[in-house]
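In: sequence first, then the predicted structure, then my questions.
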Amino acid sequence: MRIKGIAAAGITILIILGGVFISQLTGTWITENARSPRLITVGEFAGMSDPADIRGSHTFAVIGESFSIEPEIIAAAFGLDVGARDPGELRPNEMELFFEGIDESRGEIGTDSIKWFIALYSDFPYIPEETTLLPSSAAEYLIAAGKIDQEVMDSLQPSLIETELLKADADTEADADTEADADTDAGIAAADTDVSSSSTDRTVKGNTIFADLYTWGLTEKEIGEVTGEAPGPRSAVVRDYYTNLGLEYGTVRVALQKLIDSK
Amino acid sequence: MKKRLKIRPVRTGVQIFFFLLIALIAVGHSLEEAGITLPLIGGASLHAVCPFGGVVSLYQYIVSGTFVQKIHDSSFILMILVFLTAVLFGPVFCGWICPLGSFQEWIGRIGKKLFRKKYNHMIPGKIDSILRYLRYLVLIWVIIVTAASARLVFANYDPYYALFNFWTGEVAISGFIILGLVILLSLVVERPFCKYACPYGAVLGLSNFFRVFKIRRIPKTCISCSACDRACPMNIEVEKHTTVRNHQCIACYECTSEAACPISDTVILSAELPLRESAKTKTRTAKEPSHAN
């Protein structure tokens, strides 16, 4: 059986483009990660969106929809003057740019700060990373809105930092988009630049994988003992693995971090 | 002699189409992050439309049921579709669709004007034949580091990614260096990255051993003019064989009677040798190796 080269190439292109078209029709053509935080499926908070799954690329609009909070409130709580910009377009991974002037020795305001704020707003247990800070204005909003009591407010004090009203206008948007791009691709809370640091600074982050833990000297047995669950494959993301098992990632992260620090 | 279809302009048209499509997808991805969605194109990332992403993600998918970071279902679908076409017709993806392959060819046209007959024949044969297997080492390395890290480590070295993302600030310096080398080498060698380093070309090239429709030369009508050899961008000596099973063939079909071969129905694409020829060529090629090169 013979076939012309042009026909062979034509059939090839038809198979590829046709296959893409059919997979689009059947809904299997997926080119990006989830656009909103996943729902918790087990336990006391089943049915609620998971603040721990807020990603740097999620917009305030998406976060607001998932946790029933206006984007304007999130922006105001973080002391952001949005100017002409739609607050719903802001993203958590822009925070580091907005707050890059704060004292780095104290920590940083970034995606994890948004997660923490939303968790407090939603009365959801969440343990932030040790370096995560919250603007004082965010804590003041939470207590004024009756979302936290004085006791919680006091416990937050070491992590609060005074900030000035910041311009979150179009000038910073362009810079932030570059980071947002990387973050969306990664499908994780931290941008790609965090990847290398996560494997060198021995800090358990949202993008840490089990291979990193082994590199830092942990054994499968030790991981199993502190988490109560057998570790996942070397390539699995620690946060996703334990969250899928129904464990609270913040608790797991703290336990693993203690173990790493003890080495 | 029958009037022959001209493959070259059709192939160039197809290459330009896919090059522009990928460029649009890359731009669309950047624009979407700025809140602008291109109609029909959308905001998919380059990784999402790269079939090689499916290949490097296979290990993780089998072990844990998840994809490597930045890889999505779409990469897997494309991987399957391209494999299917390679089983039928060989690596048509390389010869007709891959934008980096096309880009190298276009740079090579400048090289052809500069070096004329010397172009694509400057590397000594022995060294060249050894270097041709380098891409399998690259493939093994990519699969291992991707499996171990669960990250697209190759993106930092991938000239294709650098070419279509140079404005984003996401390209590693190593990616730019390799892209620069590929551009320079393309001036003296045709498709240098495809020949020596492309891990996806290494995978698809294996289909040349079992593809259904192979490139075959009919010795009875062949006038041994070597036009097929000269036309081959991958330097395969088509004239020495009745069936091309070379792992480097990119299925561009430039050697066939639809393009370079001046005699009709002499270098053809067929599922088996025509019955009349098979008996004769079996005798004539008895002393030839079982597969080309």
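Out: Nice, thanks for sending it over.
In: helix or strand: which one has the residue of the stretch 151-293 of chain B found nearest chain A?
Out: Nearest residue of the stretch 151-293 of chain B to chain A, counting by C-beta to the nearest C-beta: B:Tyr253, 3.2 Å away. All C-beta spots, glycine's among them, are computed from the backbone N, C-alpha and C. Assigned by DSSP states H and E, B:Tyr253 belongs to no helix or strand.
In: isn't it up against B:Gly90?
Out: No: counting by C-beta atoms under 8 Å, B:Tyr253 stays clear of B:Gly90, with 9.2 Å between them.
In: report the set of residues contacting both of the two.
Out: Counting by C-beta atoms under 8 Å, 6 or more residues apart in numbering or on different chains, the contacts common to B:Tyr253 and B:Gly90 are B:Ile215.
In: apart from its chain neighbours, what residue comes closest to A:Gly47?
Out: Leaving aside its sequence neighbours, A:Gly47 sits nearest to A:Leu39 (C-beta to C-beta, 6 or more residues apart in numbering or on different chains; 6.3 Å).
In: that neighbour pairs with what?
Out: Beta-bridge pairing for A:Leu39 (DSSP bridges): A:Ser49.
In: could you report the neighbour count for B:Asp265?
Out: The tally of other residues near B:Asp265 (other C-beta atoms under 10 Å in any protein chain shown) stands at 15.
In: could you check how far it is from B:Ile80?
Out: Distance, B:Asp265 to B:Ile80, by C-beta to C-beta, to the nearest Å: 34 Å.
In: my guess is B:Thr266 meets B:Ser257, correct?
Out: Yes: counting by C-beta under 8 Å, B:Thr266 sits close enough to B:Ser257 to count as a contact (5.2 Å).
In: which of the two has more neighbours?
Out: Neighbour totals were compared for B:Thr266 and B:Ser257, and B:Ser257 leads with 27 against 20 (other C-beta under 10 Å).
In: mind telling me what element B:Ile268 is part of?
Out: With DSSP H and E as criterion, B:Ile268 is part of strand B:267-270.
In: show residues contacting that strand.
Out: For strand B:267-270, the external contacting residues (C-beta under 8 Å, 6+ apart) are A:1-5, A:8, B:89, B:213-218, B:222, B:228, B:238, B:253, B:255-257, B:260-261.
In: among those, which are located in strands?
Out: Per DSSP state E, strands hold the following members of these: B:Lys214, B:Ile215, B:Arg216, B:Arg217.
In: mind listing what the last one touches?
Out: Applying C-beta under 8 Å, 6+ apart, we find B:Arg217 in contact with B:Cys228, B:Val238, B:Glu239, B:His241, B:Thr242, B:Thr243, B:Val244, B:Thr266, B:Val267.
In: interface residues of the stretch 51-200 of chain B facing chain A?
Out: Contact residues (C-beta under 8 Å from any C-beta of the partner chain) of the stretch 51-200 of chain B with chain A: B:59-60, B:63-64, B:66, B:68-70, B:72-74, B:77-78, B:80-82, B:84-85, B:88-89, B:92-93, B:95-97, B:147-151, B:168-170.
In: right, and the helix or strand after the longest helix seen in chain A?
Out: For chain A, the longest helix by residue count, based on DSSP state H, is helix A:5-25. Of the helices and strands lying after helix A:5-25 in sequence (DSSP H and E), the nearest is helix A:60-67.
In: so which elements touch the following helix or strand past that following helix?
Out: Using DSSP H and E, the helix or strand that follows helix A:60-67 in sequence is helix A:71-77. Helix A:71-77 is packed against helix A:60-67, helix A:111-121, helix A:136-144, with contacts defined by 3 or more C-beta pairs under 8 Å, 6 or more residues apart in numbering or on different chains; DSSP states H and E.
In: give me the next element, helix or strand, following helix A:71-77.
Out: strand A:80-81.
In: in its sheet, what does that following strand sit against?
Out: Short version: by DSSP bridges, strand A:80-81 pairs with strand A:166-167 (parallel).
In: what residue ranges in chain B score low on pLDDT?
Out: Counting by pLDDT under 70, chain B contains low-confidence ranges at B:1-5, B:33-35, B:64-66, B:69, B:273-293.
In: one step back: out of the residues of the stretch 51-200 of chain B next to chain A, which are buried?
Out: B:59-60, B:64, B:66, B:68-70, B:72-74, B:77-78, B:81-82, B:85, B:88-89, B:92-93, B:95-97, B:147, B:149-151, B:168, B:170 (16 or more other C-beta atoms under 10 Å in any protein chain shown).
In: restricted to strands, list these.
Out: Judged by DSSP E, those include no members of strands.
In: inside helices: which ones of those?
Out: Here DSSP H is the test, and those give B:59-60, B:64, B:73-74, B:77-78, B:81-82, B:85, B:88-89, B:92, B:147, B:149 as lying in helices.
In: so which strand or helix has A:Gly101?
Out: Using DSSP H and E, A:Gly101 maps to neither a helix nor a strand.
In: what's the local residue count around it?
Out: For A:Gly101, the neighbour count with other C-beta under 10 Å is 9.
In: now do it against A:Ile161, distance only.
Out: Distance from A:Gly101 to A:Ile161, by C-beta to C-beta: 11 Å.
In: next one: A:Ile16
Out: For A:Ile16, the distance to A:Ile161 - C-beta to C-beta - is 53 Å.
In: who has more neighbours, these two?
Out: Taking neighbours as other C-beta under 10 Å, A:Ile16 and A:Ile161 compare with A:Ile16 leading, 21 against 18.
In: I figured the more buried one was touching B:Ile97, is that so?
Out: Yes: between A:Ile16 and B:Ile97 there is a contact at 7.4 Å, judged by C-beta under 8 Å.
In: which residues touch A:Ile40?
Out: The contact partners of A:Ile40, by C-beta under 8 Å, 6+ apart, come to A:Ala46, A:Gly47, A:Met48, A:Ser49, A:Asp50.
In: please redo it, this time with the cut-off set to 7 Å
Out: A:Ala46, A:Gly47, A:Met48, A:Asp50 (C-beta atoms under 7 Å, 6 or more residues apart in numbering or on different chains).
In: next up, the contacts around the first one.
Out: Under the criterion of C-beta under 7 Å, 6+ apart, the neighbours of A:Ala46 are A:Ile40.
In: the closest residue to A:Ser66 other than its chain neighbours and A:Ala75, how far apart?
Out: Sequence neighbours aside, A:Ser49 is the residue nearest to A:Ser66 in space, at 3.9 Å (criterion: C-beta to C-beta, 6+ apart). Going from A:Ser49 to A:Ala75 by C-beta to C-beta gives 19 Å.
In: the residue of the stretch 151-293 of chain B closest to chain A: how many residues sit nearby?
Out: There are 30 residues near B:Tyr253, going by other C-beta under 10 Å.
In: surely it touches B:Val10?
Out: No: the pair B:Tyr253 and B:Val10 fails to qualify as a contact (C-beta atoms under 7 Å) at a distance of 9.9 Å.
In: show me the domain layout of chain A.
Out: Residue ranges for the domains of chain A, per automatic domain parsing: A:1-31, A:34-189, A:192-263.
In: could I get the ones you listed in CSV, plus columns for mean pLDDT?
Out: Listed next are the domains of chain A as CSV, based on pLDDT from 0 to 100:
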stretch, mean pLDDT
domain A:1-31, 92
domain A:34-189, 79
domain A:192-263, 75
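In: for B:Ile123, find the nearest of those domains.
Out: domain A:1-31 (27.6 Å; C-beta to C-beta).
In: pull out the buried residues from stretch A:201-208.
Out: Counting neighbours by 16+ other C-beta under 10 Å, stretch A:201-208 gives A:Arg202, A:Thr203, A:Val204, A:Lys205, A:Gly206, A:Asn207, A:Thr208 as buried.
In: equivalent analysis for stretch B:163-173, please.
Out: Along stretch B:163-173, these residues count as buried under the neighbour rule (16+ other C-beta under 10 Å): B:Leu163, B:Phe164, B:Asn165, B:Thr168, B:Glu170, B:Val171.
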